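Enquirer: My questions are about this predicted structure, shown below with the sequence.
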Amino acid sequence: MVDIYLKELAKEFKRLTGRKTSAEIIIVGGGSVLLNYDFRMNSVDVDAFNTYDSAIKDAAKIVADKFDLSQQWLNDDFKKTASYSPKLRQYSGYYKTFGNVLEIRTVRREYLIAMKMVSGRKYKNDLSDILGILYYHYKNDDEITYSEIAQAVINLYGDFSRIKDEIVRFVKSAIDNKTFVDGYNLQKKNEQNIKANLIQFEEKYENVLNEDNIDDIINKLSE
């Protein structure tokens, strides 16, 4: 479905700017997972950046209205997070060009895993996505090694200071033990349970939960 929205985005962008204007978008995070892999089917929320001008934003709003999507279905909010790196374009790969005006690039493989490791959110899809990506390449005889992931982290962020030790252990264990399928199913269940617990917590304690205390609250809720 994301391809359909991007095709329509290119159409509306061309209509707004003329045939000679072009744009480039780099898609990361969950959007990149949806475009490049087949293990996750989520609602559309596409993290993207670069050449993200007003015409693209206007075209995205038209697409949102046409397909009943969130007005923020295409956004660059992730640039405010720790997983952003100005080097992401350098390590992105060409995906498709739509309407001869909109070039889409995506972050894949070890670089996408590196970003997911920095995010490391237990209540979203970060950890299950890591397992899904590892398994996809493993079953297609394109196994991702930990050394490749570590180099991607260095290339994007310079060091491991943005990544929690428990996330590093999680990734190393997954690669060493090759328990991708069982691990994925278990992780998805854990993520769903954690998300449900957080929703209940927010309903009971409004305006308490934030990025600084969320891990502590998750740990207490799981006790």
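Expert: Looks like it came in fine. Numbers count the residues shown, from 1 in each chain.

Enquirer: Okay, now the unreliable bits of the chain?
Expert: Within the chain, the stretches with pLDDT under 70 are 42-43, 51-52.

Enquirer: Mind giving me the packing neighbours of the helix ranked longest in it?
Expert: Criterion DSSP state H: the longest helix present in the chain is helix 180-204. The contact analysis (3 or more CB pairs under 8 Å, 6 or more residues apart in numbering; DSSP states H and E) places helix 180-204 against helix 126-139, helix 165-177, helix 214-222. For the C-beta atoms, the positions are set from N, CA and C on the backbone; glycine is no exception.

Enquirer: With mean neighbour count and distance to residue 57 added, can I get the ones you listed in JSON lines?
Expert: Shown next, in JSON lines, are these (neighbours: other CB atoms under 10 Å; distance: least, CB to CB, whole Å):
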{"stretch": "helix 126-139", "mean neighbour count": "22", "distance to residue 57": "26"}
{"stretch": "helix 165-177", "mean neighbour count": "14", "distance to residue 57": "33"}
{"stretch": "helix 214-222", "mean neighbour count": "14", "distance to residue 57": "29"}
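
Enquirer: just so I know, which of these lies nearest residue 26?
Expert: Closest to residue 26 of the helices and strands packed on helix 180-204, according to CB to CB: helix 126-139, at 17.5 Å.

Enquirer: can you give me the angle the closest one makes with helix 180-204?
Expert: If you take axes from the mean of the first three to the mean of the last three CA atoms, to 10 degrees, helix 126-139 sits at 170 degrees to helix 180-204.

Enquirer: Give the helix, strand or coil label for residue 71.
Expert: What DSSP: H, G, I helix; E, B strand; the rest coil gives for residue 71 is coil.

Enquirer: meant to ask about residue 26, not that
Expert: strand.

Enquirer: Could you do the one 5 residues further on as well?
Expert: Under three-state DSSP, the three-state class of residue 31 is helix.

Enquirer: How many neighbouring residues does it have?
Expert: Look at residue 31: counted by other CB atoms under 10 Å, it has 26 neighbours.

Enquirer: Tell me which residues touch it, please.
Expert: Remark: with contacts taken as CB atoms under 8 Å, 6 or more residues apart in numbering, residue 31 is in contact with 2, 44, 45, 46, 47, 48, 106.
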